[in-house]
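Novice: need coordinates for the below:
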Amino acid sequence: MADAEIARKELLGLFRDHHAYLAGRSNGRRLHKVGLDVHGFELNRISLRDARLPGLIATGAKLVECDFSLSDLFAANFSQADLSGSRFVRADIKGARFVNAVLRKADFFGADMRPGQLIKSGGKTQQVANFEGADLDEAEFSETQMRAANLAVASARGAQFRDATMNQVNLTGADLRGANLTSAKLKGATLNGARLEGAVLAGADLRDTVMRNVDLSRCDLTGANLTGAVYRASDKPLPDQVSTLIRDHNEWIRTSGGGGKRGDFSGMSLTDLDLSGADLSGAVLSGADLSRSTLVGALLMLADLSGAKLVGTNFNSAVLNGANLASADLTDARLRNTELQPLDLLDADRRPTGRLVPVKLTGALMVGTDLSGAVCRDVDVTGVTARNLRMPSHELPLPAGSGNCNGHGK
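Specialist: Below you'll find the model as predicted:
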């Protein structure tokens, strides 16, 4: 008999004993096994309710409509498993992995998904519940405890997160269209690039959340607390082409260029848009017209804005470190409290290389530009045309007569 057949017979024996335990029969035995390996098995519609299975290995398994309610699944691994319609009601799944798993219509009501503390040879370490890339469409997560869980690029369309505790959760690039997050606690969560069209966030705690590249114009934020949050407040949606480019660019950033597509807005008309808080780091905006647009608090590190028309553009509190603004028209642009400093390039492991890229303003037109409170260091201003500037509190090497107010133009 093949080893797989022996293993399956042994598993079925364990499950029969557990079912007898659930039925209250004297010959029953509660399933309690650390590190049980069922990877690749097809075990649909079985009940493992109230089982003790810490460290369960179920990668690639087919476990459709199974019941894991009240079970101990600490640090279990369900990556790539099909768990459609399965129940995890009030289960302990701290530190469990569901990477790229299929969990459509699964029920996690009241489950505990907080980080799990693992003890390894090097000491103690925390492992968060990981749903990265999982299919969570129409799943039930109401009243769950999922602090710091990873749901990056997960699809959770129509999912229920009512009253869930999701503080510090990573929802970068997640699809939450039509999801219900009423009264969810999302303090300090990251939702960069998430899709929230039709989502309900009424009464949600969104304090200190970071929602760059997110369109909130088509979701319900009634009574939500957005204190300290980074987000685009406009109720006017961005043009579809712009939204698509930003969404692809967000994935390009998230994967360090491994996925998505670098945002190329070259020569585009982007006038009168609200891009507050957007992350356009590394984007190509050369020759684009951003006149009168709002980029308050935006990230534009290493962005290419060469030759861009930035007349009356609001960059207040934006970060433009390492950006290229050569030959840009910054007439009446606002850069109050903006950062214009050299940027240290990172290597493939995201470690500083010591190679600094300065901000380039070579040949730029700066008439009536407001730089009050800006942090400007080692900016290349060769050939700048500058008149009637409001200057930062320290000197910039600009032509004589450029500044007023603080009077620091040279």
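Novice: low-confidence ranges in the stretch 151-300 of the chain?
Specialist: Scanning the stretch 151-300 of the chain with the threshold set as pLDDT under 70 gives no residue ranges.
Novice: residue contacts, the residue nearest the centre of the chain?
Specialist: Centroid-nearest residue in the chain: Thr172, 1.8 Å away (criterion: C-alpha atoms, centre = their mean). If you count contacts by C-beta atoms under 8 Å, 6 or more residues apart in numbering, Thr172 has them with 152-153, 190-194, 250, 254. To be clear about C-beta, it is placed using only N, CA and C from the backbone, and glycine gets the same treatment.
Novice: roughly how far apart are the nearest residue to Ser79 once chain neighbours are set aside and Val128?
Specialist: The shortest distance from Ser79 to any residue that is not its chain neighbour, by C-beta to C-beta, 6 or more residues apart in numbering, is 4.2 Å, and that residue is Val99. Val99 sits at a distance of 12 Å from Val128 (criterion: C-beta to C-beta, to the nearest Å).
Novice: so for these two, which residue has more residues nearby?
Specialist: Set side by side, Val99 and Val128 show more neighbours around Val128, with 21 against 18, by other C-beta atoms under 10 Å.
Novice: hang on, isn't the more buried one packed against Leu118?
Specialist: No - Val128 lies out of contact with Leu118 (C-beta atoms under 8 Å); the separation is 11.1 Å.
Novice: mutual contacts of those two, please.
Specialist: Counting by C-beta under 8 Å, 6+ apart, the shared contacts of Val128 and Leu118 are Gly95.
Novice: let me know how buried Cys66 is, in neighbour terms.
Specialist: Burial of Cys66, expressed as a neighbour count using other C-beta under 10 Å, amounts to 23.
Novice: helices along the stretch 251-400 of the chain, start to end?
Specialist: Chain-ordered helices for the stretch 251-400 of the chain, with DSSP state H, counting those that start in this stretch as the definition, do not occur.
Novice: any idea how far the longest helix seen in the chain is from the chain center?
Specialist: Longest helix in the chain by number of residues (criterion: DSSP state H): helix 3-22. On the basis of C-alpha atoms, centre = their mean, to the nearest Å, helix 3-22 sits 41 Å off its chain's mean C-alpha point.
Novice: what's it packed up against?
Specialist: Contacts of helix 3-22 with other secondary structure elements, assessed using 3 or more C-beta pairs under 8 Å, 6 or more residues apart in numbering; DSSP states H and E, are absent: no helix or strand is involved.
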